[in-house]
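J.: Provide a 3D model corresponding to the input given below.
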Amino acid sequence: MNSPLALAGVGTALVTPFLQDGSLDLASLRSLVEWQIANGVALLVACGSTGEAATLSEDETVEVVQTVVEVAAGRAPVFAGCTHNSTAEAVRRAKVLAAVPGVTGILTANPYYSKPNQRGQFLHFQAIADAVARMPVLLYNIPGRTAANLEPATVLQLAKACSNVVGAKESSGSMQQITELIAGAPAGFHVLAGDDYLALPVLAAGGVGVVSVASNVAPAQVIRMMRSASQGDWTTAHLLAKQLAALTAALFREPNPCPAKSLLRSMGRIQDDAVRLPLVPVTDALRDELKRLAAELQLS
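T.: Next up, the predicted model:
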């Protein structure tokens, strides 16, 4: 499979809106997805880290993915987050999500807490890919959250062994590692930045795009930045990056996705900024700063 699927540009790691009582706010989710697609987002990731996947029940995860797929209606690929530190459980959940009609693929991160070595991670990801062999799989390397780093050699070994491993979302924060992966990647293998602040450096190194948190609140601006760079207009891309820098930093000043949800609520894009414990809403100071930055950027 490695890979007829075109994954390039800006993907949004979607928040999962909740009502004040903690239940899913599917109406806000539908509206958010429609707005993302209207602005030209090229990929939607449901139930990833930004989607508070760790706090969702299996039924809720399926419901969120179904909702995103329904609203997307084929206009953008939808990848469903599926991560667990038990390989058997990750395989079982991947099969459940792969059975959702219309879902494009699976995004799966390093098994957290267990701290497996490279051989263990290879076998873990291989088992997931084999379980959904007809569906594209994006590997998600995020050692800051999982305490496990997926090295380039292991990613490339997986790409060779599993034809449906079509790319990697790279959140190691190491440009040396990301550049090594890009240099060794086979044709059609997609390397996407997993951190907003590395979107342009990864693109410059030969990556194809970014899975963004900032695009939850500023999809048009992030898309314009990445499109400008892709077209060789780095002067415009750098200008836009500078304009977005303060907002991007503020979105991670307190735990993600709390700042993004706060701003989306202020913008009227979701009904409430509720998050589930152990996360808590942002401080008043950050809420005010986010509103000020949104006003400067004319976000609405």
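
J.: what is the burial count for Ala42?
T.: By the measure other C-beta atoms under 10 Å, the count of residues near Ala42 is 21. Every C-beta, even on glycine, is put in place using the N, C-alpha and C of the backbone.

J.: what residues are up against the spatially closest residue to it that is not a sequence neighbour?
T.: Nearest residue to Ala42 in three dimensions, chain neighbours excluded: Gly9, at 3.8 Å (C-beta to C-beta, 6 or more residues apart in numbering). By C-beta atoms under 8 Å, 6 or more residues apart in numbering, the residues touching Gly9 are 41-43, 208-209, 223, 226-227, 230.

J.: buried subset of those residues as a ChimeraX selection?
T.: To isolate the buried subset of those in ChimeraX, counting by 16 or more other C-beta atoms under 10 Å, use the following:
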select :41,42,43,208,209,223,226,227
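
J.: switch the contacts of Gly9 over to TSV; also include secondary structure.
T.: Formatted as TSV, the contacts of Gly9 follow (DSSP: H, G, I helix; E, B strand; the rest coil):
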residue	secondary structure
Val41	coil
Ala42	coil
Leu43	strand
Val208	coil
Gly209	strand
Ile223	helix
Met226	helix
Arg227	helix
Ser230	helix
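
J.: which helix or strand contains the closest residue to Glu52 other than its chain neighbours?
T.: Leaving aside its chain neighbours, Glu52 sits nearest to Thr16 (5.3 Å; criterion: C-beta to C-beta, 6+ apart). Here Thr16, judged by DSSP states H and E, is contained in no helix and no strand.

J.: ok, Thr16 to Ala295 distance?
T.: 26 Å (C-beta to C-beta, to the nearest Å).

J.: likewise for Ile106?
T.: In terms of C-beta to C-beta, Ile106 sits 38 Å off from Ala295.

J.: between these two, point out the one with more neighbours.
T.: Set side by side, Ile106 and Ala295 show more neighbours around Ile106, with 27 against 11, by other C-beta under 10 Å.

J.: surely the more buried one forms part of a helix?
T.: No - per three-state DSSP, Ile106 lies outside any helix segment and is strand.

J.: correct me, but it touches Ala133?
T.: No - with contact defined as C-beta atoms under 8 Å, Ile106 and Ala133 do not form a contacting pair (11.2 Å).

J.: mind checking the longest helix of the chain?
T.: For the chain, the longest helix by residue count, based on DSSP state H, is helix 234-250.

J.: name the helices or strands packed onto that helix?
T.: Contacts defined by 3 or more C-beta pairs under 8 Å, 6 or more residues apart in numbering; DSSP states H and E place helix 234-250 against helix 199-204, helix 219-230, helix 284-297.
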